[in-house]
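Novice: Fold the following, please.
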Amino acid sequence: MLTNHLTLNLAKTKEIVFKRPMRARCFHLPPAIDSIEQLDYNRRKLLGVLFQSNFKMDVHVQNILIQCTQRMYLIKLLKHQGLPQQQLTVITHSIVSRILYALPAWGGFLRYGIVLVL
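Specialist: As a prediction, the model looks like this:
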């Protein structure tokens with residue numbers, strides 16, 4: 001840390017250890033770094049993306065699908081109530097942006113492609 005002139009706020013710094021799914025049975029956590037809490041969680045949210053310690057992204061994808069389904073239902077209700085097309089388009093773009101947010105970080109883990117029909 002001193003070499004790079006980096007100062008860490010130890011009160012806010014956490015450590016999460018990622019492991020390969022195949023070796024989960026024989027995996028032992030490395031010793032914790034002094035003054036830094038080591039998290040032993042199965043999943044952790046970082047900048048809006050749910051990371052899992054086994055490198056899978058299925059929880060994050062499920063979370064996004066649930067949110068998008070709820071928002072699509074909202075659009076259906078708003079359209080039925082007579083909301084103008086321009087406002088519906090704005091709301092639809094917010095759904096698309098939610099799907100695309102951090103896609104390079106988690107998109108490679110998808111088993112199936114995402115198809116958007118607008």
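
Novice: mind listing what's buried in the helix or strand where residue 73 lies?
Specialist: Per DSSP states H and E, residue 73 falls inside helix 58-80. Residues of helix 58-80 classed as buried by neighbour count (16 or more other CB atoms under 10 Å): 60, 61, 63, 64, 68, 75. Where you see a C-beta, it was placed from the backbone N, CA and C, and this is true even at glycine.

Novice: Can you verify my assumption that the second one contacts residue 106?
Specialist: It stands for residue 61. Yes: taking contacts as CB atoms under 8 Å, residue 61 lies within contact range of residue 106: 7.1 Å.

Novice: Select the helix or strand of this structure having the lowest average pLDDT value.
Specialist: Sorting the helices and strands of the chain by mean pLDDT, DSSP states H and E puts strand 43-46 at the bottom, at a mean of 72.

Novice: Would you point out which residue is most central in this structure?
Specialist: In the chain, the C-alpha nearest the mean C-alpha coordinate belongs to residue 49, at 1.7 Å (CA atoms, centre = their mean).

Novice: so what's that one bridging to?
Specialist: Beta bridges link residue 49 to residue 46 when assigned by DSSP bridges.

Novice: Tell me which stretches of the protein form strands.
Specialist: Taking DSSP state E as the test, the strands found in the chain are 14-16, 37-39, 43-46, 49-52.

Novice: Can you tell me which of those is packed in deepest?
Specialist: Stretch with highest mean neighbour count among the strands of the chain: strand 49-52 (a mean of 18; mean count of other CB atoms under 10 Å).

Novice: and that one, what does it pack onto?
Specialist: Using 3 or more CB pairs under 8 Å, 6 or more residues apart in numbering; DSSP states H and E, the elements in contact with strand 49-52 are strand 43-46, helix 58-80.
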